[in-house]
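Asks: A structural model of the following input is requested.
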Amino acid sequence: MNKFFIVSFLSIGIILTSCGNSEEKENSSPAAGVKFDNEKDEMSYFYGTTRVENLKNAQFYGELNKEMLIKGFKESITIDSNTVKTMNAQISKLIGDKGQDFNSSFVDSGSFYLGKFDKYLLTVQLKEFGVKDFFNLKMVENGFSDAIYGKEEISKEKKTELLQVLNEKIGKINSEKLKFENEKDEMSYFYGTTRVENLKNAQFYGELNKEMLIKGFKEKIIIDSSVVKAINSNIVKMVGEQGRDFNVSFVDSGSFYIGKFHKYMLIVELKEFGLEDFFNLKMVENGFADAIKGKSGISEGKKTELREKLYEMMGKVYVEKQMKDGVAFLENNKKNPKVKVTATGLQYEVMKEGKGPKPNATSRVKVHYHGTTPQGEVFDSSVKRGEPATFGLNQVISGWTEGLQLMSVGSKYKFYVPQELAYGANPQPGSAIKPYMPLVFEVELLAIEK
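Replies: Next comes the predicted model:
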């Protein structure tokens with residue numbers, strides 16, 4: 001789909017800003033004089049005016065034929081791929097494949113098909129939202145037409161009032177559709193909607209193919225390096241190595257693989273947090289799809305409630321998993337006959353025994369050390385830096401304070417430090433150390449400095 005259309009029109013939300021183009025008022029009579037038979041007509045008229053607000057921000061808007069825009073918007077619409085193909089071809093003649101090359105020779109036909117394209121999107125959106133019967137399309141067309149001419153003069157206060165009423169009605173309709181059999185399904189659906197929040201902040205989001213995004217997110221995932229490689233290579237084709245060079249030719253495949261990438265990350269995170277069994281993946285996918293389409297009917301108040309519950313639950317499950325994994329690691333480790341255990345639970349293995357003096361709890365020592373997670377990931381190493389470290393034993397984690405007092409100068413020990421003797425719930429942000437993770441250190445005591 002052409003880049004210009006997507007940027008200009010694929011906005012499902014309603015924007016509250018006032019229409020900026022009002023120079024064409026010579027044919028106008030004030031909209032304050034518009035009379036509505038009922039609330040449905042008033043709301044439909046208002047919704048028609050909001051369709052123009054995004055349109056007026058589009059490139060080349062000032063050069064379009066307004067009469068033909070309106071004529072196109074008033075066309076009867078059939079939703080099928082042939083209609084889209086025809087519109088794309090006609091609009092491309094006006095603005096080029098990348099939406100940057102305006103050709104005034106096609107301004108009349110191009111303007112007509114831009115209007116028709118927005119009517120097409122309107123029709124699709126009303127169907128997706130399930131609010132087709134809520135609007136009077138004739139009044140939507142009238143609102144669109146008046147806004148194009150700058151004739152509508154709905155006050156900002158009235159717009160705010162109508163917008164609130166409209167959002168409440170659409171939210172109510174959507175929430176009535178959302179029926180969850182249990183709390184797990186509701187939380188899963190909500191979690192799916194949250195996956196879209198960051199995605200919408202990404203560069204080029206407005207230019208992506210939303211259907212392909214959803215299709216990619218619904219893919220079955222295998223956690224494997226070859227899968228990651230394939231995902232990355234296909235996304236790079238669309239956005240370039242630095243993520244700055246959008247290539248519309250790869251928008252469909254790129255959108256698909258961005259969706260798949262987000263599903264891949266979801267699966268990895270659920271596994272890492274120990275939450276695979278807590279979520280219903282089908283409902284997560286449904287929440288993701290509805291959020292992409294702007295159809296999620298969860299109220300803001302309910303979102304806040306669910307978000308707090310989600311974070312609390314994830315935190316609790318994650319803590320339990322980390323602590324359980326840490327205990328299992330240490331329990332298995334102490335089966336090694338070379339490993340000794342102190343009264344506090346500190347485990348150590350003598351790799352080399354020195355013959356020098358031993359430090360006390362306040363001594364300043366010079367050491368070489370190599371720290372890893374239980375999985376072997378290095379998070380800190382003076383050995384790698386090629387320079388010993390010097391510090392006071394009253395300035396380090398308690399596992400070190402205790403462990404180094406067991407060592408004589410010249411010794412090299414391997415310590416297995418329980419989380420409660422390490423960083424507990426508060427490791428350094430951004431490090432490989434996770435909350436409640438036991439740590440492994442190889443330490444060589446080089447000297448005691450007075």
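Asks: what's the single longest helix in this protein?
Replies: Using DSSP state H, we find that the single longest helix of the chain is helix 300-333.
Asks: do you know how far E285 is from G216?
Replies: 11 Å (C-beta to C-beta, to the nearest Å). Just so you know, the C-beta spots here come from the backbone N, C-alpha and C atoms, and that holds for glycine as well.
Asks: between the two, which one's more packed in?
Replies: G216 (23 against 20; other C-beta atoms under 10 Å).
Asks: Contact partners for the more buried one?
Replies: Going by C-beta atoms under 8 Å, 6 or more residues apart in numbering, G216 touches S255, F256, Y257, I258, G259, K260, F261, H262, K263.
Asks: need the residues you listed in JSON lines with distance to S411, pLDDT and neighbour count, can you?
Replies: Below are these laid out as JSON lines (distance: C-beta to C-beta, whole Å; pLDDT from 0 to 100; neighbours: other C-beta atoms under 10 Å):
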{"residue": "S255", "distance to S411": "59", "pLDDT": "93", "neighbour count": "25"}
{"residue": "F256", "distance to S411": "57", "pLDDT": "94", "neighbour count": "25"}
{"residue": "Y257", "distance to S411": "53", "pLDDT": "93", "neighbour count": "25"}
{"residue": "I258", "distance to S411": "53", "pLDDT": "93", "neighbour count": "25"}
{"residue": "G259", "distance to S411": "55", "pLDDT": "93", "neighbour count": "28"}
{"residue": "K260", "distance to S411": "52", "pLDDT": "94", "neighbour count": "24"}
{"residue": "F261", "distance to S411": "48", "pLDDT": "93", "neighbour count": "20"}
{"residue": "H262", "distance to S411": "50", "pLDDT": "93", "neighbour count": "19"}
{"residue": "K263", "distance to S411": "50", "pLDDT": "93", "neighbour count": "22"}
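Asks: Narrow those to those in helices?
Replies: Using DSSP H, those in helices are S255, F256, Y257, I258, G259, K260, F261, H262, K263.
Asks: where do the helices sit along the stretch 151-300 of the chain?
Replies: Shown for the stretch 151-300 of the chain, the helices assigned by DSSP state H, counting those that start in this stretch span residues 156-177, 183-200, 210-217, 225-239, 251-273, 281-293, 300-333.
Asks: how about those helices in CSV, adding distance to Q405?
Replies: Formatted as CSV, the helices of the stretch 151-300 of the chain follow (distance: least, C-beta to C-beta, whole Å):
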stretch, distance to Q405
helix 156-177, 62
helix 183-200, 47
helix 210-217, 54
helix 225-239, 44
helix 251-273, 36
helix 281-293, 50
helix 300-333, 20
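Asks: Let me know the distance separating I235 from F250.
Replies: Applying C-beta to C-beta to I235 and F250 gives a distance of 9 Å.
Asks: Same check on K338?
Replies: From K338 to F250 the distance is 56 Å (C-beta to C-beta).
Asks: just checking, what packs against the helix or strand harbouring L94?
Replies: Secondary structure assignment for L94, by DSSP states H and E: helix 81-95. Applying 3 or more C-beta pairs under 8 Å, 6 or more residues apart in numbering; DSSP states H and E, one finds that helix 81-95 contacts helix 3-9, helix 107-129.
Asks: Stretch 235-250: how far from the chain's middle?
Replies: From the chain centre to the centre of stretch 235-250 is a distance of 19 Å (C-alpha atoms, centre = their mean, to the nearest Å).
Asks: rewinding a little: adjacent strands (with direction) for the following helix or strand past the longest helix of the chain?
Replies: Note on helix 300-333: by DSSP H and E, the next helix or strand toward the C-terminus is strand 340-341. Partners of strand 340-341 in the sheet, by DSSP bridges, are strand 347-352 (antiparallel).
Asks: now could you export just the CA positions of stretch 217-233 as PDB?
Replies: Only the C-alpha atoms of stretch 217-233 are listed here, as PDB (Å, rounded to 0.1, in the frame of the first residue of the first chain):
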ATOM      1  CA  PHE A 217       2.200 -12.200  15.800                       C
ATOM      2  CA  LYS A 218      -0.100 -15.200  15.500                       C
ATOM      3  CA  GLU A 219       2.700 -17.400  14.100                       C
ATOM      4  CA  LYS A 220       3.800 -20.400  16.100                       C
ATOM      5  CA  ILE A 221       7.300 -19.700  17.500                       C
ATOM      6  CA  ILE A 222      10.300 -22.000  17.800                       C
ATOM      7  CA  ILE A 223      13.100 -20.500  20.000                       C
ATOM      8  CA  ASP A 224      16.100 -20.900  17.800                       C
ATOM      9  CA  SER A 225      19.000 -18.800  16.500                       C
ATOM     10  CA  SER A 226      18.100 -19.500  12.900                       C
ATOM     11  CA  VAL A 227      14.600 -18.100  13.600                       C
ATOM     12  CA  VAL A 228      16.100 -14.900  14.900                       C
ATOM     13  CA  LYS A 229      18.400 -14.600  12.000                       C
ATOM     14  CA  ALA A 230      15.500 -15.000   9.500                       C
ATOM     15  CA  ILE A 231      13.400 -12.400  11.400                       C
ATOM     16  CA  ASN A 232      16.200  -9.900  11.500                       C
ATOM     17  CA  SER A 233      17.200 -10.300   7.800                       C
END
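Asks: can you list the residues that contact that stretch?
Replies: For stretch 217-233, contacts defined as C-beta under 8 Å, 6+ apart pick out 195, 257, 259-264, 267-268, 271, 285, 288-289.
Asks: Would you check which pair of the residues you listed lies furthest apart?
Replies: K271 and A289 (22.4 Å; C-beta to C-beta).
Asks: Mind checking which of those two has more residues around it?
Replies: Shown here are K271 and A289; by other C-beta under 10 Å, A289 has more neighbours (22 against 11).
Asks: Give me the residue ranges of this structure where confidence is low.
Replies: For the chain, the stretches flagged by pLDDT under 70 are 1-34, 98, 128-130, 153, 168-178, 296-297.
Asks: how much space between the most centrally placed residue in it and K260?
Replies: Nearest to the geometric centre of the chain sits N198, at 2.6 Å (C-alpha atoms, centre = their mean). Going from N198 to K260 by C-beta to C-beta gives 16 Å.
Asks: Kindly report the same for K316.
Replies: As defined by C-beta to C-beta, K316 lies at a distance of 30 Å from K260.
Asks: One more: Q375?
Replies: 26 Å.
Asks: V165 too?
Replies: Distance, V165 to K260, by C-beta to C-beta: 39 Å.
Asks: show me the residues around L126 that make contact.
Replies: Going by C-beta under 8 Å, 6+ apart, L126 touches K132, F134, F135.
Asks: Taking these, please make a ChimeraX selection of just the buried ones.
Replies: Applying 16 or more other C-beta atoms under 10 Å to the contacts of L126, the buried members can be selected in ChimeraX as follows:
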select :134,135
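Asks: I'd like the contacts of L126 laid out as a markdown table, including secondary structure.
Replies: Output for the contacts of L126, formatted as a markdown table (DSSP: H, G, I helix; E, B strand; the rest coil):
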| residue | secondary structure |
| --- | --- |
| K132 | helix |
| F134 | helix |
| F135 | coil |
